[in-house]
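K.L.:
Would you be able to build a 3D model of this:
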Amino acid sequence: MPKPINVRVTSMDAELEFAVQPNTTGKQLFDQVVKTIGIREIWYFGLLYSDNKGFSTWLKLNKKLQSQDIKKEATLQFKFRAKFYPEDVAEELIQDITQRMFFLQVKDSVLNDEIYCSPESSVLLASYAVQAKYGDYDAEDCKPGFFANDRILPQRVINQHALSRTQWEERIITWYSEHKGMMREDAMMEYLKIAQDLEMYGVNYFEIKNKKGTDLWLGVDALGLNIYEKEDKLTPKIGFPWSEIRNISFSDKKFIIKPIDKKAPDFVFFASRLRINKRILALCMGNHELYMRRRKPDSIEVQQMKAQAKEEKLARLSERMLLQRERQQREGAERQRKELEQRLHHYETEFERARAELERSQEITLSLEEKTRQAESERNELTEAQMRAEEARRRAEQAAHLEKEERERKELEAVQAQRELERRMREVREREIESRKLQEELDRTHRELEENQRALQEVLSTPKVLHLYEHDEDDSMEHSHELQYDENAVLPRPEDERVTQAEKNQMLVKQLKSLSDDLAAAKVQTQVTRNDILHQQNQSQGRDKYKTLKQIRQGNTKQRVDMFEAM
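P.N.:
Here you go, the predicted structure:
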């Protein structure tokens, strides 16, 4: 029997180890990974490995592991990563686990500066990352240094400002405290909704040349192909949406894109190596297929996933409400208990004070009685003194009588307070019984959810229709792929009218502007990067990702191809 191959797959938050047979294909390993993780939106993901030349390469699903150029080690190493990105995370990402994988990967890219993020937006994103990790802000727990072990800002941003870690924490907490009540899953989604508006989000960059030999960047993303000048990865100069492209091909280092517009010339560029053109082709095919899928009705599998995700979200909300109500009841009961204890303590103190006063009165009374007896023995001789002593005795008795009434009143109040405490304690016990009933209801809901998940276990398999088509990446120097399109169809392009998440919220715009002004006062000018300057220029000219995208798609395809050739 052939010796199994040891495989280690590292996701953004876990390590998985498998033993597979030598004839295992990429698809078989990939299916085993996504089933273990629990991901059903498999079309976004792939397995990355380092080949024998040290290049990062996506595992081919239709080939055996042994026939691919994987670096030979005792344990084969792979990374489970997002290969394709959605156009709109809020509309397209269905499962919580999918959202979490994207959140962790995008956060890692922002922190590593693979995706440029301005200082003020970095602070905002950090506040959502903290909410996703720790939940609601608590002033008691969130003391200075609370984030000491967390990497929450890009090192570039930290280096650019003369601020201590405590000062950064204060600025992050200002926003973090406003997220109170937000579920961790919602905090991850809010992070992604802001991150997807960043210019470099979801873009794969490749160094290319046009026919003139000008060094340029090609950006491949979910919406199409964009051309960037060599010194500016933030601001594309020309754009071609996927809806304008009908064929992509390469011949050695030459890459050819045929537009749907027959009057437009081919869009031709050159890469430095054949392997780069192969990777560009694979990304173009996958992104184009997803672009077309989004503009069609959802498949049965996607409809099922959305229905299940909706049920799970409702169950989570119900569970959250039950727990919140139980917590509020317990907090209320605890407050009442403390109030009653304080009142009882007050009554006990008053009772002790009255008792002490009574003892002192009794001592005085005894003393007066002794004096009265002495006065009586001398009554015959000191009549006047006797009268004064008698008067004093009557006064003392009157005072003792009044103190006795006061003592009885205090004792009565203490008895009443004790009865009130017992009544409150009965109410607390009744609430605890109600809480147990709520917990039983919560357990029943969990059991029903587990039964639903078991019933859907069969659906967790990954039918071939969910995988993206990929070409057979062999040693061929040429490849051509006809993209799916309809000459007469007019595909919707919602991205042309899209606005950033910040622009939808004017209050957020003002807060970001205020923070930007605040940080500007602490900026270290010698640490400013080229991307910082480009970002500031775009902001001052009123440009953002979507306004730029709309601008670079103006004119017909021929005009844009001519612009590319002239660069």
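
K.L.:
contacting residues around the closest residue to residue 178 other than its chain neighbours?
P.N.:
Distances taken as C-beta to C-beta, 6 or more residues apart in numbering put residue 127 closest to residue 178, at 7.8 Å, once the chain neighbours are dropped. In short, each C-beta sits where N, CA and C put it, glycine included. Contacts of residue 127 were listed using C-beta atoms under 8 Å, 6 or more residues apart in numbering, and they are 172, 173, 174, 175, 176, 178, 179.

K.L.:
Go through these and name the one nearest residue 324.
P.N.:
Nearest to residue 324 among the contacts of residue 127, counting by C-beta to C-beta, is residue 179 at 16.0 Å.

K.L.:
picking that back up, what comes up buried for the helix or strand hosting the residue nearest to residue 178?
P.N.:
Per DSSP states H and E, residue 127 falls inside helix 119-134. Residues 119-132, 134 are the ones in helix 119-134 that count as buried (16 or more other C-beta atoms under 10 Å).

K.L.:
Ok, stretch 78-91 next?
P.N.:
Neighbour count says stretch 78-91 has 78, 79, 80, 81, 82, 83, 84, 85, 86, 87, 89 buried, by 16+ other C-beta under 10 Å.

K.L.:
In this protein, mark out all the strands, start to finish.
P.N.:
5-10, 15-20, 45-50, 56-58, 75-82, 204-209, 215-220, 224-229, 238-241, 245-251, 254-259, 267-271, 478-482 (DSSP state E).

K.L.:
Can you tell me the strand partners of the second one and which way each runs?
P.N.:
Next to strand 15-20 in the sheet, as set by DSSP bridges, lie strand 5-10 (antiparallel).

K.L.:
So which helix or strand of this structure has the lowest pLDDT on average?
P.N.:
helix 383-455 (a mean of 74; mean pLDDT, DSSP states H and E).

K.L.:
Which elements pack onto that helix?
P.N.:
helix 300-377 (3 or more C-beta pairs under 8 Å, 6 or more residues apart in numbering; DSSP states H and E).

K.L.:
what's the angle from the helix it packs on to helix 383-455?
P.N.:
Counting by axes from the mean of the first three to the mean of the last three C-alpha atoms, to 10 degrees, helix 300-377 points 170 degrees away from the direction of helix 383-455.

K.L.:
mind checking how far helix 300-377 is from the chain centre?
P.N.:
Computed by C-alpha atoms, centre = their mean, to the nearest Å, the chain-centroid distance of helix 300-377 equals 39 Å.

K.L.:
Mean confidence (pLDDT) on that helix, please.
P.N.:
Confidence for helix 300-377, expressed as mean pLDDT, is 80.

K.L.:
Who are the packing partners of it?
P.N.:
helix 383-455.

K.L.:
For the residue nearest to residue 538 when sequence neighbours are not counted, grab phi and psi.
P.N.:
Among residues not flanking residue 538 along the chain, residue 235 sits closest, at 6.2 Å (C-beta to C-beta, 6+ apart). When read as degrees, to the nearest 10, the backbone of residue 235 gives phi -120, psi 100.

K.L.:
swap in residue 88?
P.N.:
Residue torsions, per degrees, to the nearest 10, at residue 88 are phi -140, psi 110.

K.L.:
One more: residue 521?
P.N.:
According to degrees, to the nearest 10, residue 521 has phi -70, psi -20.

K.L.:
Surely residue 236 and residue 219 touch.
P.N.:
Yes. At 6.2 Å, residue 236 counts as touching residue 219 under the criterion of C-beta atoms under 8 Å.

K.L.:
how about the residue nearest to residue 538, what does it touch?
P.N.:
By C-beta under 8 Å, 6+ apart, the residues touching residue 235 are 199, 228, 534, 538, 543, 548.

K.L.:
Does the third one touch residue 234 like I think?
P.N.:
Translated: residue 534. Yes. Look at residue 534 against residue 234 with C-beta under 8 Å: they come within range, at 4.8 Å.

K.L.:
Find the centremost residue of the protein, please.
P.N.:
Taking C-alpha atoms, centre = their mean as the criterion, residue 188 is the residue nearest the geometric centre of the chain, at 2.0 Å.

K.L.:
contacting residues for residue 118?
P.N.:
Contacts of residue 118 by C-beta under 8 Å, 6+ apart are 516, 532, 535.
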